[in-house]
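[1] based on what follows, work out the 3D shape:
(chains A and B)
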2 protein chains.
Amino acid sequence: MNNKVKFLQQNAPCYLYEEDSIKEHCHDLLNAMPGMDFLYSAKTNPFMPVLKTVAEQGFGADTASANEVLIAQKAGIPYDKIYYSAPGKTLQDLEKVWGKCTIIADSLSELARLEQCAAVKNERIAVGVRVNPNFSMNGESAVSSKFGIDEDQLKTANLCFPHLKIIGIHVHLRSQILDADILCGYYRNCYMLAERINELNGVEIQFINFGSGIGTVYDRETEKPLALERVGQTLQTLRAKNHNGLQAKFILETGRFVVCNAGTYYTRIVDRKISCGKTYLVVQNAMNGFLRPAIAELLRQNVGEFPKNGQEPLYTTGSQSAFRIVGRNENCETVDIVGNLCTALDVMAKNITLPHAEIGDILAVSNAGSYGCTLTPLLFSNQETPKEFLWTKENE
Amino acid sequence: MNNKVKFLQQNAPCYLYEEDSIKEHCHDLLNAMPGMDFLYSAKTNPFMPVLKTVAEQGFGADTASANEVLIAQKAGIPYDKIYYSAPGKTLQDLEKVWGKCTIIADSLSELARLEQCAAVKNERIAVGVRVNPNFSMNGESAVSSKFGIDEDQLKTANLCFPHLKIIGIHVHLRSQILDADILCGYYRNCYMLAERINELNGVEIQFINFGSGIGTVYDRETEKPLALERVGQTLQTLRAKNHNGLQAKFILETGRFVVCNAGTYYTRIVDRKISCGKTYLVVQNAMNGFLRPAIAELLRQNVGEFPKNGQEPLYTTGSQSAFRIVGRNENCETVDIVGNLCTALDVMAKNITLPHAEIGDILAVSNAGSYGCTLTPLLFSNQETPKEFLWTKENE
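    The predicted structure is shown next:
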């Protein structure tokens, strides 16, 4: 029995994040898109050893709460590589992160709050604004959004503040783009947006945060990976234009690209039973260990099939996770994998084919590195909470 | 300004559970169904002051994990009023609760595990079995279930164990029944089931846990409360039959009846903005404060309307929670209530009409007493977690 299997038998239910795979994904981005500044999206997986691994590759942090700013700082990321962008920041939030990151204002009233804070402190600070642009991801016209300030509103607003200078924009319209044409068109539109915003009084663009959009492959059989090189070429062209134009820093957020398929959720089969001819494998911590599979089954039950469109971050596709039984390959059977909570919705997968498993076996659920542990109602029914581990060479 | 408003302004986002209302719901059940033993379903809301309040009314505990058994014990509930029923209990779970509750075996393999445990300890213990009966809630034939042992399997299994005696059954088929006819028919079927199980070798029925099914009214405009008195009459008739028959203890679980509408979630409006003509109120801790509203909107988005059938415990109806702005009654407007997370799914309600609200106002969300805090991914994005409070006369 190898070390990993022993480890899992001792520690399941648990999340294992593979250090090698995380580093490889970081380098894929760095190699394909040289000259870009990458921010790791801390909300996808804020587990400290993961954050530290990403930080060591030179990545900054895209943080979405005041506490995420502090966590990024703790992971060793310098303040000038931490960007804080979220709707509804309070005065308390702003106080908590003051001087620790670049704040991206999400609304006109937040710009006023920032001005008020800076005035009280008698400081002049550089901030960004999140923009809801006059285009959508596919290049169509704008749609209303809870995020950012409409481009048209920015154009008519007073952006000259005594204690603020607006030095950058942040745009993010959709996650999980695997089509390079769409993503490249979007990046070109973002650059032109930055040029337009730069014309406004009170603004001097020094950075463009293009947001994410970089898609992760959940299902290798049906999805083709994003052509990173083609995206990189477009960004090179934009950088050449930028060199003679805005001279702004280019920022990309990693979304879930770095860690999603570097993580696996492992849980233990604690019972097997047959009811009315159907075989059930009962596992520990299903819905309260890794929520996304239960949401996929909830949607299938209500829609009649797995929805085609992702509902990020709760659901991506019907094949968003692969299931396997560690160390078993034979005697396949059709089973429902259910959790040990007292609710019928506590399901990981219905009618799937797996090798015959026994009580004590370990179930592996793939693509659990992002929006896994962090997006799960871990406290439900007061069961023990799954642990998280970074799996490194030293563990082998 | 009254004390509660002051309290909310200091403490939102928070859950407030009204002690008076909890007690009233307990007494509604006790008055309508005298002679029954009630178990509070701890998983609906395991907040200790709530558990203690319910325990003081003489209620026992329906526990669904080993830790819930310990929590019930800590709340002062005696061991003979704590029942532990859940699929997939491990040897470790059984060790943890040994002697602290009545264990309801959920499968034939669990009966074998229990026998093994008791044999090692050289004890003979009384246990129950959860049964998947040969009928459904509506009286139709059985459906497969992850819960319990099929009635037909029980009839052919060997239930004579040297160290176990089976003294009761537990049945639970569906929650949230508001139709007294359906519930009464189900209770009658459960009693007859107990009579059939009592005929088996190795079984001597001393208790019948009818499970729950007692429905809570989420929406007073469209739902009629369950006629508790009629249910009570049926149970009286069954008790008379039982008096000359099985002489078993009758147990009912409270489900969410006791605490659901005794609880309200309060959160703070931290921004308001208009985007492409649509008004957004941004609140703290939406999806990561109270998950159920976000699930309702997720289902609406995918199904095209709010589904008619509940998906308990994640979703009940489109009108499962009412929204109001504390202290505001005028100048109604149509808004989206969204959370401050960086995800578009972080929504509490779309296109609802509310009095005009300003930043700093408090939003109240009703029916948050059960499956509220406990069923929410509180850690997502590392925001501060909502607090919970029992609101008593002394707070007024």
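
[2] just the strands in the stretch 151-300 of chain A please.
    A:164-170, A:203-209, A:249-253, A:263-275, A:278-283 (DSSP state E, counting those that start in this stretch).

[3] so which of the ones you listed comes closest to A:E221?
    With C-beta to C-beta, the closest approach to A:E221 among these belongs to strand A:263-275: 18.0 Å. The C-beta positions use only the backbone N, C-alpha and C, and glycine is treated the same way.

[4] neighbouring strands for that closest one, and are they parallel or not?
    strand A:14-18 (antiparallel), strand A:278-283 (antiparallel), strand A:362-365 (antiparallel) (DSSP bridges).

[5] CA atoms of that strand as CSV?
    Provided in CSV are the C-alpha atoms of strand A:263-275 (Å, rounded to 0.1, in the frame of the first residue of the first chain):
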residue,chain,number,x,y,z
GLY,A,263,-7.6,19.2,-5.6
THR,A,264,-9.5,16.0,-4.8
TYR,A,265,-12.0,15.3,-2.1
TYR,A,266,-11.7,11.9,-0.5
THR,A,267,-14.3,10.4,1.7
ARG,A,268,-15.1,7.1,3.3
ILE,A,269,-17.8,4.6,2.4
VAL,A,270,-19.4,3.8,5.7
ASP,A,271,-22.4,1.7,4.6
ARG,A,272,-23.7,0.0,1.6
LYS,A,273,-27.3,-1.1,1.2
ILE,A,274,-29.9,-2.2,-1.3
SER,A,275,-33.4,-0.7,-1.2
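
[6] circling back to that earlier point, take the strands paired with strand A:263-275 and lay them out in TSV including mean neighbour count and mean pLDDT.
    Shown next, in TSV, are the strands paired with strand A:263-275 (neighbours: other C-beta atoms under 10 Å in any protein chain shown; pLDDT from 0 to 100):
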stretch	mean neighbour count	mean pLDDT
strand A:14-18	23	98
strand A:278-283	23	98
strand A:362-365	23	98
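
[7] which one of these lies nearest to B:Q311?
    Across those, closest to B:Q311 is strand A:278-283 (C-beta to C-beta), at 19.2 Å.

[8] will you turn the strands paired with strand A:263-275 into TSV that also has distance to B:D150?
    As requested, the strands paired with strand A:263-275 are exported to TSV (distance: least, C-beta to C-beta, whole Å):
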stretch	distance to B:D150
strand A:14-18	33
strand A:278-283	10
strand A:362-365	24
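
[9] A:I197 is nearest to which of those strands?
    A:I197 sits nearest to strand A:14-18 of all these, at 37.5 Å, using C-beta to C-beta.

[10] starting at the chain centroid, how far to the closest one?
    Between the centre of strand A:14-18 and the centre of its chain there are 16 Å (C-alpha atoms, centre = their mean, to the nearest Å).

[11] same question, stretch A:323-340
    Distance, stretch centre to chain centre, for stretch A:323-340: 28 Å (C-alpha atoms, centre = their mean).

[12] same check, this time on stretch A:102-112
    22 Å.

[13] now check that stretch, is it near chain B?
    Yes: applying C-beta under 8 Å from any C-beta of the partner chain, one finds stretch A:102-112 touching chain B at A:106-110.

[14] ok, A:T234 - contacts?
    Residues near A:T234 by C-beta atoms under 8 Å, 6 or more residues apart in numbering or on different chains: A:180, A:184, A:187-188.

[15] let me know the closest of the residues you listed to chain B.
    A:Y187 (19.6 Å; C-beta to the nearest C-beta).

[16] that closest one contacts A:Q236, correct?
    No: using C-beta atoms under 8 Å, A:Y187 makes no contact with A:Q236, being 11.1 Å away.

[17] compare those two (neighbour count), which wins?
    A:Y187 (21 against 14; other C-beta atoms under 10 Å in any protein chain shown).

[18] now the longest helix along chain A against strand A:249-253, angle please.
    Identified as the longest helix of chain A according to DSSP state H is helix A:180-198. In terms of direction (axes from the mean of the first three to the mean of the last three C-alpha atoms, to 10 degrees), helix A:180-198 departs from strand A:249-253 by 130 degrees.

[19] so what touches helix A:180-198?
    A:129, A:131, A:133-135, A:137-139, A:151, A:154-155, A:169, A:171, A:173, A:177, A:203-205, A:208, A:210-211, A:213-214, A:226-227, A:230-231, A:234-235, A:238, A:241-242, A:245-246, A:248.

[20] and stretch A:76-84, by the same measure?
    With C-beta under 8 Å, 6+ apart as the test, stretch A:76-84 has contacts from A:37, A:39, A:51-52, A:55-56, A:59-64, A:66, A:68-69, A:72-73, A:97, A:99-104, A:128, A:170, A:209, A:251.

[21] buried subset of those residues as a ChimeraX selection?
    Of the contacts of stretch A:76-84, the buried ones go into a single ChimeraX selection, burial set by 16 or more other C-beta atoms under 10 Å in any protein chain shown:
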select /A:37,39,51,55,59,60,61,62,63,64,66,68,69,72,73,97,100,101,102,103,104,128,170,209,251
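
[22] so which helix or strand takes in A:K52?
    A:K52 belongs to helix A:48-56 when assigned by DSSP states H and E.

[23] number of residues surrounding A:P313?
    Quick note: A:P313 (other C-beta under 10 Å) scores 28 neighbours.

[24] and chain A, what are its domain boundaries?
    In terms of domains, chain A is parsed into A:19-253, A:263-381 (source: automatic domain parsing).

[25] where does pLDDT dip in the stretch 51-200 of chain A?
    For the stretch 51-200 of chain A, no stretch has pLDDT under 70.

[26] quick check: residues of it near chain B?
    Near chain B, when you scan the stretch 51-200 of chain A using C-beta under 8 Å from any C-beta, you find A:64-65, A:67-68, A:71, A:85-90, A:106-110, A:132, A:142-150, A:153, A:172.
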